[in-house]
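Colleague: Here's a sequence, model it:
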Amino acid sequence: MKREEFEQHLSSGRLDLKTATIEVGELSKWPYTIGIYERDGLHYVYEIGERQNFALNKKFDNEEEAYEYLYKLILFEQKLENE
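Modeller: This is a model prediction of the structure:
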């Protein structure tokens, strides 16, 4: 999935987390964030925890794979929130 398609999922309200903010396109400094950003042609999926600890989940050289991974990660987090 490309960035535009992912952002459509976000704006539709289908991807909504109660416990974290979703950041697209830039590296956040705020706790409880799941996001993705691009630098030098690579796409980085990351999480920032309660104490602002940064965790790089995965890096991709393909935009579609990166956004698909982020999409599945958010769906998994939603599933955990609803259990």
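
Colleague: Check which helices and strands the worst-scoring helix or strand of the chain on mean pLDDT sits against.
Modeller: Among the helical and strand segments of the chain, the one scoring lowest on mean pLDDT, DSSP states H and E is helix 3-12, with a mean of 90. On a contact count with 3 or more CB pairs under 8 Å, 6 or more residues apart in numbering; DSSP states H and E, helix 3-12 meets strand 21-24, helix 63-81. In this view, the C-beta of every residue, glycine as well, is placed from N, C-alpha and C.

Colleague: Recalculate using a threshold of 6 Å.
Modeller: In terms of contacts (3 or more CB pairs under 6 Å, 6 or more residues apart in numbering; DSSP states H and E), helix 3-12 is not packed against any helix or strand.

Colleague: how about it: buried residues?
Modeller: 3, 6, 9 (16 or more other CB atoms under 10 Å).

Colleague: now swap in stretch 56-63 and tell me
Modeller: If you call a residue buried by 16+ other CB under 10 Å, then stretch 56-63 has these buried ones: 60, 63.

Colleague: Can you give the distance of it from its chain's centre?
Modeller: 11 Å (CA atoms, centre = their mean, to the nearest Å).
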